[in-house]
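J.: Predicted coordinates and the sequence they were generated for:
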Amino acid sequence: MSEPTAPRIAPGGWREVGPLVALFARIAGRVQGTEPPAVFLTLGRHRRLFWGWLHFAGRLMPGGRLSRRESELVIVRVAARRGSSYELTQHRRLARRAGLTRAELAAIEAGDAEGTFSPRERLLLRATDELLADQDLSDGLWAELGEQFEDRERIEILMLIGHYAMLATALHALRVQPDRPR
């Protein structure tokens, strides 16, 4: 993807997104150490869709069955493969908090699956790459996932990859700019 230029829909203020979304974005920014995240203030302009999306996204991360480290590993890989500067900027910070090192993040972004990753983590990276490339998983990889993850986790893996690929597309098409640190 090319670098986004200017937002096609500017992040909304209190009037455009309403007090609940504005407050939520302000709190999220404080927690993340950034200005109120533009993803919330942009998608929040469609309040009904925003709350449904946020509930769904929260069930994947941070409320999913995968560990935070595993979720962030997948999200950073999706962001790197999709060239999403917004997701990369946001999730590098979150991934560091979840225990991924700078070297591991560099490997994930470079497309590597070796190094310090556990067999379970390497499997997640392979699944992410294959699903993004083929829009499917081979039977062999699905079976390998079944040796490391229970069925609910395998469903979550597919939904997590698909969700962040969708979000990367929306953020890119909307030209949402990465949030500045505070």
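T.: That came through, no problem.
J.: got a list of what the residue positioned nearest the centre of the chain touches?
T.: Nearest to the mean C-alpha position of the chain, counting by CA atoms, centre = their mean, stands residue 75 at 4.1 Å. Contacts of residue 75 were listed using CB atoms under 8 Å, 6 or more residues apart in numbering, and they are 61, 87, 91, 94-95, 160, 164. Every residue, glycine included, has its C-beta placed from N, CA and C.
J.: Okay, and it sits in which element?
T.: Remark: residue 75 resides in helix 68-82, with elements defined by DSSP states H and E.
J.: likewise residue 66?
T.: Short version, using DSSP H and E: residue 66 is in no helix or strand.
J.: Give me the distance between it and residue 111.
T.: 21 Å (CB to CB, to the nearest Å).
J.: Then residue 90?
T.: For residue 90, the distance to residue 111 - CB to CB - is 20 Å.
J.: Repeat that for residue 13.
T.: From residue 13 to residue 111 the distance is 39 Å (CB to CB).
J.: What of residue 171?
T.: Distance of residue 171 to residue 111, given as CB to CB: 21 Å.
J.: More neighbours: the two, which one.
T.: When residue 171 and residue 111 are compared for neighbours, residue 171 comes out ahead with 26 against 11, by other CB atoms under 10 Å.
J.: which SSE is the more buried one in?
T.: Residue 171 belongs to helix 151-174 when assigned by DSSP H and E.
J.: can you state the direction angle for that helix and helix 68-82?
T.: 40 degrees (axes from the mean of the first three to the mean of the last three CA atoms, to 10 degrees).
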